[in-house]
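In: Mind looking at a prediction? Sequence and model below.
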Amino acid sequence: MLSLYVLISTWLVCASFYDLAMNYPRDRSAELQEKVKTMFYFGFDNYMQHAYPLDELNPHACTGRGPDTDDPSNININDVLGNFSLGLIDSLDTLAIMGDKKEFISAIQNVINSVTFDQESTVQVFETTIRILGSLLTSHLIITEWTDTFGITLDTYDNELLSLAHDLGSRLLPAFDNQLGVPFPRVNLRRGKSQMFNQATCTAGAGTLILEFKMLGRLVGDPVFESVAERAMDRLWELRSNETGLIGNVYNLEEDSWEDPMSGIGAGIDSYYEYLLKSYVLFGNENDLYRFNSYYRSIEQHIKRHSSPPHLNSPFYYANVHMDTGKLQNHWIDSLSAAFIGVQVLHGDLETAILHHALFYGLWLKYDALPERYNWERKICEYSIYPLRPEFAEATYLLYQATKHPFYQYVGEAIYQSLEQYTRAKCGYATLNSVLSKKQEDRMESFFLSETCKYLYLLFDTDNPLNQRGDFIFTTEGHLMRVDSFARERRNVFNKGDTDKATNISHLFSCETFPRYRQLAPPFSEQYWFDIASLINLKL
């Protein structure tokens, strides 16, 4: 790790170091591609051996875990784990992306033969939608519609994954059974909506359902799914501040008011912005683009902060402010806000995304991980856990795709080395209880396999069909949706005649190429890097 750190630091302070800047050695890229694949299979194979059909792997105990039935209030576990083989389902399209057709087919057959959603489990609608529903839809489309990309067919397949997705979606619908338009945060998969907990939902929880629900509705020919998700998006838009145009973090459905009016780009809000933009890209809804652009302007005006003392091109970060006044609420940024970099890339604001990424890269170099919260005023970790989150790897991959700048492959190598050195455990990869001590917890969340490994793999597999095509987007859990006429057709796979003509979407792929000369030097200036180091107390 130290040698790579020195290498990149040398590049950043020596713009004439062109041999390094011009390319990332192809043999090195191939080597890292294989190393990341090995990392994925070490986690996946151990999950299948020691945990399946339970939801998650305990990488130290080499056992599986499901919901905490002894403590129903343990929402840290029970919001995500529902006795539905989460680790298997969430990993499906990673297998396809890595070209493992045999294992993908085997995994599909395991899901078809063993998974049922008739469970006495109270789960979070948001987590279940993005991890389970999204993966089932993607895997169904890989087999039925995207054979030109993945070359995977299953002769005996009879829409079983789609039927499972339809069943799950129907079990989530009771969450929308209220007059407010905003869904309840949790449902019991067997009995419907749950009244066990405070009925407050974060903005992301209510506003990150539209891709999966809309696609499900179009595939099965049931407009209810699209309708309830659109209604939630409409209601959230109505709840924004008339003063700043910002939206709050937590909305209380019982009180019909904001429980937490903090506004930012991180936890609790992050993927709401993402899905507004991606809903436009995927489905062509102009209202979603208008809303996203409005929020983006408000974020730049009220949330963006520059380091002190500010100067031309000084480093910036996105703070947490009161939604009505724009007044600073606290002094931390969180690791989930790294996902906004990818949103900025998709939005076409590349220069801002490049500089924003530099801040998180500095934090990664400082800790070999991203702490859940970093206090930029005191320059310390405020919450030091790292649960193997994918957002920084995702941002790095998307910036590489947009710029083809070799710097981002060197960053990806640094991410891989840190993960391998500090998070590898006996039977998988483990959450870091503290990025300071590097002490591990006995948990490997499913997004490590579905996202972290996937983005790192794609970063180095430059010949992957996904990277060559350029017409796929990722859901917030890293599952695939193709931007094509299929997404914009209203169709029912059980009734092939029910189809509307699609809108022309060729204009979505007319972005200007990142200039080649920009690839011949670091993506940001030497002074900017020194200012980042000063902002976070990184010793160079």
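Out: Noted; the coordinates are in hand.
In: how deep is residue 198 tucked in, by neighbour count?
Out: Using other CB atoms under 10 Å, residue 198 has 12 neighbouring residues. From N, CA and C alone the C-beta is placed, and that goes for glycine too.
In: actually residue 76, not the one I typed
Out: The burial count for residue 76: 10, using other CB under 10 Å.
In: What score does it have for pLDDT?
Out: Listed pLDDT for residue 76 reads 93.
In: Pull out the buried residues from stretch 228-246.
Out: 228-230, 232-233, 235-237, 239-241, 244-246 (16 or more other CB atoms under 10 Å).
In: what separates that stretch from the chain centre, distance-wise?
Out: When C-alpha coordinates are averaged (CA atoms, centre = their mean, to the nearest Å), stretch 228-246 and its chain have centres 22 Å apart.
In: Show me where the stretch 251-400 of the chain has its strands.
Out: 257-260, 262-263, 304-306, 316-318, 321-322, 332-334, 373-375, 380-383 (DSSP state E, counting those that start in this stretch).
In: In helices, which of the buried residues of stretch 228-246 appear?
Out: 228-230, 232-233, 235-237 (DSSP state H).
In: Make JSON lines out of the strands of the stretch 251-400 of the chain and add mean neighbour count, distance to residue 107 and mean pLDDT.
Out: Below are those laid out as JSON lines (neighbours: other CB atoms under 10 Å; distance: least, CB to CB, whole Å; pLDDT from 0 to 100):
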{"stretch": "strand 257-260", "mean neighbour count": "16", "distance to residue 107": "39", "mean pLDDT": "97"}
{"stretch": "strand 262-263", "mean neighbour count": "24", "distance to residue 107": "40", "mean pLDDT": "98"}
{"stretch": "strand 304-306", "mean neighbour count": "15", "distance to residue 107": "43", "mean pLDDT": "93"}
{"stretch": "strand 316-318", "mean neighbour count": "19", "distance to residue 107": "38", "mean pLDDT": "95"}
{"stretch": "strand 321-322", "mean neighbour count": "20", "distance to residue 107": "44", "mean pLDDT": "98"}
{"stretch": "strand 332-334", "mean neighbour count": "24", "distance to residue 107": "32", "mean pLDDT": "96"}
{"stretch": "strand 373-375", "mean neighbour count": "21", "distance to residue 107": "35", "mean pLDDT": "97"}
{"stretch": "strand 380-383", "mean neighbour count": "17", "distance to residue 107": "34", "mean pLDDT": "96"}
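In: Please dump those into a markdown table; it should also carry distance to residue 529 for every row.
Out: A markdown table is the format used below for those (distance: least, CB to CB, whole Å):
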| stretch | distance to residue 529 |
| --- | --- |
| strand 257-260 | 35 |
| strand 262-263 | 29 |
| strand 304-306 | 16 |
| strand 316-318 | 14 |
| strand 321-322 | 27 |
| strand 332-334 | 18 |
| strand 373-375 | 18 |
| strand 380-383 | 21 |
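In: Looking at those, spot the one closest to residue 471.
Out: When those are compared by CB to CB, strand 316-318 sits nearest residue 471, at 29.5 Å.
In: List the contacts of the closest one.
Out: Strand 316-318 has contacts (CB atoms under 8 Å, 6 or more residues apart in numbering) with 264-266, 299, 303-307, 333, 337, 340, 355-356, 359, 376, 535.
In: That one - which strands sit beside it in the sheet, and in what orientation?
Out: Taking DSSP bridges as the criterion, strand 316-318 sits next to strand 304-306 (antiparallel) in its sheet.
In: what secondary structure does residue 152 sit in?
Out: Taken by DSSP: H, G, I helix; E, B strand; the rest coil, the conformation at residue 152 corresponds to coil.
In: which regions of the stretch 201-350 of the chain sit below the pLDDT cut-off?
Out: Within the stretch 201-350 of the chain, the segments meeting pLDDT under 70 span 308-312.
In: give me that answer again for 80
Out: Applying pLDDT under 80 to the stretch 201-350 of the chain picks out residues 308-313.
In: Equivalent analysis for the stretch 51-200 of the chain, please.
Out: 193-198.
In: what are the ranges of the helices in it?
Out: 75-78, 86-90, 92-97, 101-114, 125-128, 134-144, 147-150, 160-172 (DSSP state H, counting those that start in this stretch).
In: Please enumerate residues in contact with the fifth one?
Out: Helix 125-128 is contacted from outside by 79-80, 82, 168, 172, 175, 183-187, 202, 204-206, 208-209, using CB under 8 Å, 6+ apart.
In: run the last query once more with 10 Å
Out: By CB atoms under 10 Å, 6 or more residues apart in numbering, the residues outside helix 125-128 that reach it are 79-82, 84, 86, 117, 121, 133-134, 168-169, 171-176, 183-187, 189, 193, 201-202, 204-209, 212, 271, 446-447, 476-477.
In: What's the PyMOL syntax to select whichever of the contacts of strand 316-318 are buried?
Out: Here is the PyMOL command that selects the buried residues among these (16+ other CB under 10 Å):
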select buried, resi 264+265+266+299+303+305+307+333+337+340+355+356+359+376+535
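In: Just the contacts of strand 316-318: which are in helices?
Out: Those of those lying in helices (DSSP H): 340, 355-356, 359, 535.
In: Good, wrapping up.
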